[in-house]
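> sequence plus the predicted model coming up.
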Amino acid sequence: MDFVKLKETDYNTMNINEALLKRKSVRAFLDKKVDDSLIFEILNCARYTPSGTNTQPWEVAVVRGHTKSLLDEQLTHAFKSNTPQHPDYNYYPKEFNADFKRRRIECGLALYSTLGITRENKELRLKQWAQNYTAFGAPVVLYIFTDKLIDKGSFMDCGMFIQSIMLMAEHLGLASCPQAALAEYPDIVRKQLNYPQDKLLLCGIAIGYEDTDAIINNYRTSREDVNTFTRFFD
C-alpha cells in the first residue's frame, strides 16, 4: 500500500507537555474516516519507541471497515451472551490495595455519574459497558500483539509503544482510547485476523475523531499530586 508522506503543515502545533495533558480516553467518535496516511505516520513515529536490547516486541493489526464490523459484532455477542472471558494475561491484580481500590471506584463513579446512570441501574451500566466491544464507534482499531514467549520487560516496552501511538494521534488531531476490554476474547480476534496462537493480544486502541458534543467525552479522571508518589534523594 502506498502512503503519502505528511508535510510539516499537516501537523498540529503541539508541545509534548500539551499532548500529555490534552490526551484522554475518548468514548464517542465521529462517523468520519481516518486516512491511512495518518495511521501510517503514527506508526512510523511510534516505531522509534525504546525497547530492551531493541527487541521491538510489538505487532500491530490496523482494523477498519468490514473487518471491524465483523469483529464488533462477534465481540459484542460474546459479551452479551456471557461467554467466559479468557484474556492472554492478567491485566489487574487478584486483590487491590486500598489506594488502587479507591481510584478504581472513583473512576467508575465519575464515568457513570457523567452519563446520569445510577449504581442501581444495572441494565444501563451493562449497555454502556457493551460499547467497549465496538471501540465506542471509532472507525479504526489498532490491535496490539506480541509473542507469548515474552516476559515482563517486554510488556513495559509495549506500554511505551502504546503511549507513543496515543501521543502521535493527539499530535495529528486524532483521539484515542486504549482498551483492555478488546483483549478479553483473544481467540475471536486471532481467528478473525488470522493471527497464530503464539501471538499474545495485549489490547486494542480506538482511533478516530472525537465527538465533542458527546457528554461522555466530558468525563476526565483525576490524577494524584506529584508529591504523593515521588521521593527525592540527594
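That came in fine, so what should we check first?
> mind listing the strands for the chain?
Along the chain, counting by DSSP state E, strands occupy 59-64, 140-147, 175-179, 199-208.
> who does the residue sitting nearest the centre point of the chain bridge with?
Centroid-nearest residue in the chain, with CA atoms, centre = their mean: P178, separated by 1.1 Å. Beta-bridge partners for P178, by DSSP bridges, are I205.
> tell me how far it lies from K24.
11 Å (CB to CB, to the nearest Å). The C-beta positions use only the backbone N, C-alpha and C, and glycine is treated the same way.
> packing partners of the longest helix anywhere in the chain?
When the chain is parsed with DSSP state H, its longest helix is helix 152-171. Applying 3 or more CB pairs under 8 Å, 6 or more residues apart in numbering; DSSP states H and E, we find helix 152-171 packed against helix 16-22, helix 36-46, strand 140-147, strand 175-179, strand 199-208.
> avg pLDDT for the last one?
Looking at strand 199-208 alone, the average pLDDT works out to 98.
> which helices and strands does it pack with?
The contact analysis (3+ CB pairs under 8 Å, 6+ apart) places strand 199-208 against strand 140-147, helix 152-171, strand 175-179, helix 186-193.
> take the ones you listed and lay them out in a markdown table including distance to Q128 and mean pLDDT.
As requested, the helices and strands packed on strand 199-208 are exported to a markdown table (distance: least, CB to CB, whole Å; pLDDT from 0 to 100):
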| stretch | distance to Q128 | mean pLDDT |
| --- | --- | --- |
| strand 140-147 | 19 | 98 |
| helix 152-171 | 22 | 97 |
| strand 175-179 | 14 | 98 |
| helix 186-193 | 21 | 98 |
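> what are the buried residues along the worst-scoring helix or strand of the chain on mean pLDDT?
Sorting the helices and strands of the chain by mean pLDDT, DSSP states H and E puts helix 16-22 at the bottom, at a mean of 90. Applying a neighbour-count criterion of 16 or more other CB atoms under 10 Å, one finds A19 buried in helix 16-22.
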